[in-house]
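Visitor: Would you be able to build a 3D model of this:
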Amino acid sequence: MKHTYNVTGMTCTNCIASVESALNAVDAVQNAIVDLDKGEVTITMTSHISAETLKKALPEKYTLSEKKEQNVFKSSKASEGKSKIKQLFPLFLIFAYLVAATILLHNEDRNVAEAMLDFMGLFYFVFSFFKFLDLKGFAASFQMYDPLASQFSLYGIIYPFIELGLGIMLLARFEVEIALALTIIFLGLTTVGVVKTLLSKKKIQCACLGTTLNLPMTEATFIENAIMIGMALLMILGIF
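Guide: I've put the predicted structure just below:
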């Protein structure tokens, strides 16, 4: 018999291995297969196993629950769209806060160039903060799509420090041109990986805000990178 359960707390390939290993060790479990995108695990068992038993088998980081039946008359596409918007809400909210903070900082001088530098600096500060909450988890997720991180795992660990450093440089107005050039290089590399992932239709986690918020990889990731790269290019070319 097969049963599918919801599992929360999974963020990367390491989590898949951890959950599958723990559940496969339970008596009467023949096979446990995790679907990270759906946050589900399908268990083939020789006899009925209570959900409570399965919960106890998992590390404390993960929570297992019975899967609720969905309304078959609902449009699956509409549900998927709403779900994606709901998942990306934290990203939209953070961007709104960054824009609002930038506007308030330059409400009087209305200096576009200075406002762009502050926005980019604040962007790096906030986004690096979320990555530091789970540095190893971020690195594991990041290497799934970033070209450099996929080849050198240490780069995934270092990347949040790079973001923080760039944020400090931009906000302190220290070697601004170098910070802008590095922004184009680092975010450019990541954007190449994002585009490849989107074109391949792979459903993976976006590591832009670390693993805490469990954001899906969508066009929004490309747009946020494009905004930062675009600002850096405009500043370097002296358009602003």
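
Visitor: any low-confidence regions in this protein?
Guide: For the chain, residues meeting the criterion pLDDT under 70 lie at 68-84, 240.

Visitor: what's the spacing between the residue lying farthest from the centre of it and Tyr97?
Guide: Most distant from the centre of the chain: Ser47, at 37.6 Å, with distances by C-alpha atoms, centre = their mean. Per C-beta to C-beta, to the nearest Å, Ser47 is found 52 Å from Tyr97. Quick note: C-beta positions are derived from backbone N, CA and C, even for glycine.

Visitor: got it, and Leu189?
Guide: Using C-beta to C-beta, Leu189 is found at 27 Å from Tyr97.

Visitor: before we move on, the earlier item: I'd like the distance between the residue farthest from the centre of the chain and Asp146.
Guide: 44 Å.

Visitor: Quick check: Gly39 touching Tyr5?
Guide: No - Gly39 is beyond contact range of Tyr5, at 9.7 Å (criterion: C-beta atoms under 8 Å).

Visitor: These two: which is more packed in?
Guide: Tyr5 (18 against 15; other C-beta atoms under 10 Å).

Visitor: What residues sit buried inside the stretch of helix or strand that one belongs to?
Guide: Secondary structure assignment for Tyr5, by DSSP states H and E: strand 2-8. By neighbour count with 16 or more other C-beta atoms under 10 Å, strand 2-8 contains the buried residues Tyr5, Val7.

Visitor: likewise stretch 128-148?
Guide: 128, 130-131, 134-135, 137-146, 148.

Visitor: From the chain's centroid, how far away is it?
Guide: Taking the mean of its C-alpha atoms, stretch 128-148 sits 8 Å from the chain's own mean (C-alpha atoms, centre = their mean, to the nearest Å).
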